[in-house]
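Asker: just the structure for this:
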Amino acid sequence: MTQWINKPQLHSELLAGTFLNLGSMTAVEIAAGIGFDWLLIDLEHGSGSLADLRGMLVACASGQAAPIVRIRSVDSDTIKFVMDSGAAGIMFPYVSSAQEARHAVRCMKYPPMGCRGVAGVIRATEYGRNWKSYFRDANEKSLVIVQIETPEAVEAADEIAAVEGVDVLFVGPLDLSVNMGHPAEFDHPDVAAAFRKVVQACERHGKTAGILSKNGLLQQHKDDGFRFIAFGSDSGAIISGLQDSLSQLRT
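Answerer: Sure thing, here's the model as predicted:
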């Protein structure tokens, strides 16, 4: 059974996640047992592929975290495979207009709301055992997350947030800072103002603002109104852990 995000929580509390970019079933299984609300399986920049996805989703089922999958583009065939495999939602990178957001929603949802192909015997329905309940709930419960990564997307944030079916506007801080001409300057006044503009658009339209945060900025992002927050990654945890081990050995 697909582990959905509890959508009312999007509007009432912080939902904590982390990025999984190693393409490792073991890393997913470990993360699933930690207590995160959601896990992002990264098929855009991560090492895993669609061939690895089902194994990682099975590993995620060992915990309570909802599995979100980031794909490379709004491709209907990829979306169908990811959702049929049991993902709770999809993160779409580089969405810069309401038109692109509507296309993502349409590909994610079953008719009449969208154009997702229907199959009964898939992992998401426990291979047909729960097809009726999955089909009944999928349009409402599946999470559509669009990434805001360009100045054009920030300018269109109000229109994007107004799109029916979009749940989260998720800031990609590195891409956005680069595209604004301030690479990795996440506290630059212009970049910080862009972050706030996304939050404000979400608040006006009853949507949720998300971000990939980092040390030194996490509390600021919480204070700004971001509620769907990712912090760290599996690869980052390994690097920092190994560096700490080596540092203690060398000291």
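Asker: CA only for contacts and neighbour counts going forward, please
Answerer: Will do.
Asker: run a quick neighbour tally on residue 236.
Answerer: As a burial measure, residue 236 scores 14 neighbours (other CA atoms under 10 Å).
Asker: in terms of helices and strands, where is it?
Answerer: Assigned by DSSP states H and E, residue 236 belongs to helix 234-250.
Asker: ditto for residue 210
Answerer: strand 208-213.
Asker: what average pLDDT does the helix or strand that that strand is followed by get?
Answerer: Later in the chain than strand 208-213, the nearest helix or strand by DSSP H and E is helix 218-224. Averaged across helix 218-224, pLDDT comes to 96.
Asker: can you pull the buried residues of helix 218-224?
Answerer: Buried residues in helix 218-224, defined by neighbour count with 16 or more other CA atoms under 10 Å: 218, 221-222.
Asker: go on, stretch 124-144?
Answerer: Using 16+ other CA under 10 Å as the test for burial, stretch 124-144 gives 124-126, 130-131, 134-135, 138-139, 141-144.
Asker: same thing with stretch 226-240?
Answerer: 226-230, 233-235.
Asker: and if you look at stretch 154-170?
Answerer: For stretch 154-170, using 16+ other CA under 10 Å, the buried residues are 154-163, 165-170.
Asker: confirm that residue 169 sits in a strand.
Answerer: Yes - according to DSSP: H, G, I helix; E, B strand; the rest coil, residue 169 belongs to a strand.
Asker: what's the closest non-adjacent residue to residue 76?
Answerer: Nearest in space to residue 76, with sequence neighbours left out and distances taken as CA to CA, 6 or more residues apart in numbering, is residue 107 at 5.4 Å.
Asker: tell me which element that neighbour is part of?
Answerer: Applying DSSP H and E as the criterion places residue 107 in helix 98-108.
Asker: okay, that helix in CSV with CA atoms only?
Answerer: Below are the C-alpha coordinates for helix 98-108, written out as CSV (Å, rounded to 0.1, in the frame of the first residue of the first chain):
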residue,chain,number,x,y,z
ALA,A,98,1.5,27.9,-14.5
GLN,A,99,1.2,26.1,-17.8
GLU,A,100,4.1,23.7,-16.9
ALA,A,101,2.5,23.2,-13.5
ARG,A,102,-0.9,22.3,-15.0
HIS,A,103,0.9,19.8,-17.3
ALA,A,104,2.5,18.1,-14.3
VAL,A,105,-0.8,17.8,-12.5
ARG,A,106,-2.5,16.5,-15.6
CYS,A,107,0.1,13.7,-16.0
MET,A,108,-0.1,12.8,-12.3
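Asker: what about the residue nearest to residue 76, how many neighbours?
Answerer: 21.
Asker: and it, what does it touch?
Answerer: The neighbours of residue 107, taking CA atoms under 8 Å, 6 or more residues apart in numbering as the test, are 74-76, 79-80, 114-116.
Asker: any idea what the residue nearest in space to the middle of the chain is bridged to?
Answerer: Centroid-nearest residue in the chain: residue 91, 4.3 Å away (criterion: CA atoms, centre = their mean). Here residue 91 sits in beta bridges with residue 70, residue 145, going by DSSP bridges.
Asker: distance check, it against residue 223.
Answerer: 24 Å (CA to CA, to the nearest Å).
Asker: could you list every helix and strand in contact with the helix or strand harbouring residue 190?
Answerer: Here residue 190, judged by DSSP H and E, is contained in helix 189-205. Judged by 3 or more CA pairs under 8 Å, 6 or more residues apart in numbering; DSSP states H and E, the packing partners of helix 189-205 are helix 151-155, helix 157-161, strand 168-171, strand 208-213.
Asker: picking that back up, adding distance to residue 49, secondary structure and pLDDT, write the buried residues of stretch 124-144 out as JSON lines.
Answerer: Formatted as JSON lines, these follow (distance: CA to CA, whole Å; DSSP: H, G, I helix; E, B strand; the rest coil; pLDDT from 0 to 100):
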{"residue": "124", "distance to residue 49": "19", "secondary structure": "helix", "pLDDT": "97"}
{"residue": "125", "distance to residue 49": "22", "secondary structure": "helix", "pLDDT": "96"}
{"residue": "126", "distance to residue 49": "22", "secondary structure": "coil", "pLDDT": "95"}
{"residue": "130", "distance to residue 49": "27", "secondary structure": "coil", "pLDDT": "95"}
{"residue": "131", "distance to residue 49": "26", "secondary structure": "helix", "pLDDT": "95"}
{"residue": "134", "distance to residue 49": "25", "secondary structure": "helix", "pLDDT": "97"}
{"residue": "135", "distance to residue 49": "26", "secondary structure": "helix", "pLDDT": "97"}
{"residue": "138", "distance to residue 49": "24", "secondary structure": "helix", "pLDDT": "97"}
{"residue": "139", "distance to residue 49": "25", "secondary structure": "helix", "pLDDT": "98"}
{"residue": "141", "distance to residue 49": "25", "secondary structure": "helix", "pLDDT": "97"}
{"residue": "142", "distance to residue 49": "21", "secondary structure": "coil", "pLDDT": "98"}
{"residue": "143", "distance to residue 49": "21", "secondary structure": "strand", "pLDDT": "98"}
{"residue": "144", "distance to residue 49": "20", "secondary structure": "strand", "pLDDT": "98"}
